[in-house]
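Asker: Let's see this in three dimensions:
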Amino acid sequence: MVNDLDGGGTILLDSDCTSAPGSWRTTRDALPRILDTCAHHGFDVVALRDYVWP
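Answerer: Below you'll find the predicted structure:
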């Protein structure tokens, strides 16, 4: 999956409103690895609301 990362992409994280109760903890726990991997590839990570379209 890491090989599929490309600049300008969007990573959507799921929450309890569409998944099993408490599954947000798994997403939360994965977030540091996601951020580290993006940083390793030189990608900036911003909230979707802060995304600037070219």
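Asker: which SSE is residue 9 in?
Answerer: In this assignment (DSSP states H and E), residue 9 forms part of neither any helix nor any strand.
Asker: What ranges does the protein have for its helices?
Answerer: Remark: helices assigned in the chain by DSSP state H are 24-40.
Asker: can you pull the contacts of the residue most central in space within it?
Answerer: Within the chain, one residue has its C-alpha closest to the average C-alpha position: by Cα atoms, centre = their mean, that is residue 11, at 4.1 Å. Contacts for residue 11 were tallied using Cβ atoms under 8 Å, 6 or more residues apart in numbering; they are residue 34. From N, CA and C alone the C-beta is placed, and that goes for glycine too.
Asker: Quick check: buried residues in stretch 38-54?
Answerer: If you call a residue buried by 16 or more other Cβ atoms under 10 Å, then stretch 38-54 has these buried ones: 38, 43.
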